[in-house]
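Novice: Please find the sequence and the predicted model below.
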Amino acid sequence: MVLEAKVEGDYKDFTTFKVHYVGESTDQEIWKRLTGHEKLQDILTLEEAFHYESINTHEIVLLLFKIGNSESVTIFDGTGDMDDIIESLINPSLPSKEKITLDVEKALIKLLRPNKKYNKIQYKQYPKSKDGLYEDGFLIGFRIKFKMTFRCNMKM
């Protein structure tokens with residue numbers, strides 16, 4: 001699908017986002033998840049608009065991502081025998097999309113540093129976590145195929 005638009009002025013205003021919240025949906029459709037979503041309702045009612053002549057509900061953008069291809073990256077530490085290494089390359093044991101989704105959420109929270117008011121856990125030690133892919137010997141990498149700027153809570 002191609003989206004075409006004519007923008008007067010600086011287009012960067014339309015691709016710059018303040019990140020309030022990062023969330024995931026693994027076991028229900030995203031639209032069902034958003035209906036009555038507590039954090040979304042809080043953002044809609046508590047956050048102020050960026051422009052004085054606007055209201056925040058006119059400025060809110062939901063960025064929805066879908067997990068695409070998942071490929072195995074096996075870490076060999078030299079302790080396994082050659083048969084185990086060959087077997088893992090031929091028949092890789094991939095994590096579930098749900099587990100990948102939960103790990104991507106952790107990565108985005110650490111990277112984007114959304115408001116602690118909405119994402120209480122910030123995953124400062126990511127990729128290390130109690131239930132992530134790192135513990136299973138996987139590392140995650142992802143890319144967003146759209147030029148965007150995120151204004152994050154980058155307090156050092």
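Specialist: Alright, I've got the coordinates.

Novice: Report how many residues lie close to the residue nearest to residue 30 when sequence neighbours are not counted.
Specialist: Taking C-beta to C-beta, 6 or more residues apart in numbering, and ignoring the residues beside it in sequence, residue 30 has residue 64 as its nearest neighbour in space, at 6.0 Å. For the C-beta atoms, the positions are set from N, CA and C on the backbone; glycine is no exception. For residue 64, the neighbour count with other C-beta atoms under 10 Å is 8.

Novice: next one: residue 119
Specialist: For residue 119, the count of nearby residues is 21 (other C-beta under 10 Å).

Novice: Would you map the helices across this protein?
Specialist: Across the chain, reading from the start of the chain, the helices by DSSP state H fall at 30-34, 38-46, 82-90, 97-112.

Novice: any weak-confidence spans in the chain?
Specialist: Along the chain, segments meeting pLDDT under 70 span 13-14, 68-80, 85, 88-89, 92, 140, 142-148, 150-156.

Novice: one step back: want to try a markdown table for the helices of the chain, with mean neighbour count and distance to residue 18 as columns?
Specialist: Written out in a markdown table, the entries for the helices of the chain read as follows (neighbours: other C-beta atoms under 10 Å; distance: least, C-beta to C-beta, whole Å):
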| stretch | mean neighbour count | distance to residue 18 |
| --- | --- | --- |
| helix 30-34 | 13 | 19 |
| helix 38-46 | 13 | 10 |
| helix 82-90 | 11 | 42 |
| helix 97-112 | 18 | 10 |
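
Novice: Dump those helices to TSV, plus distance to residue 127.
Specialist: Conversion of these to TSV gives the following (distance: least, C-beta to C-beta, whole Å):
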stretch	distance to residue 127
helix 30-34	25
helix 38-46	24
helix 82-90	20
helix 97-112	7
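
Novice: of all those, which lies closest to residue 123?
Specialist: With C-beta to C-beta as the measure, helix 97-112 is the member of the helices of the chain nearest residue 123 (4.5 Å).

Novice: what's in contact with the closest one?
Specialist: Outside of helix 97-112, the residues within contact range by C-beta atoms under 8 Å, 6 or more residues apart in numbering are 19, 22-27, 65, 67, 70, 95, 119, 121-124, 126-127, 129, 131-133, 140, 142, 150, 152.
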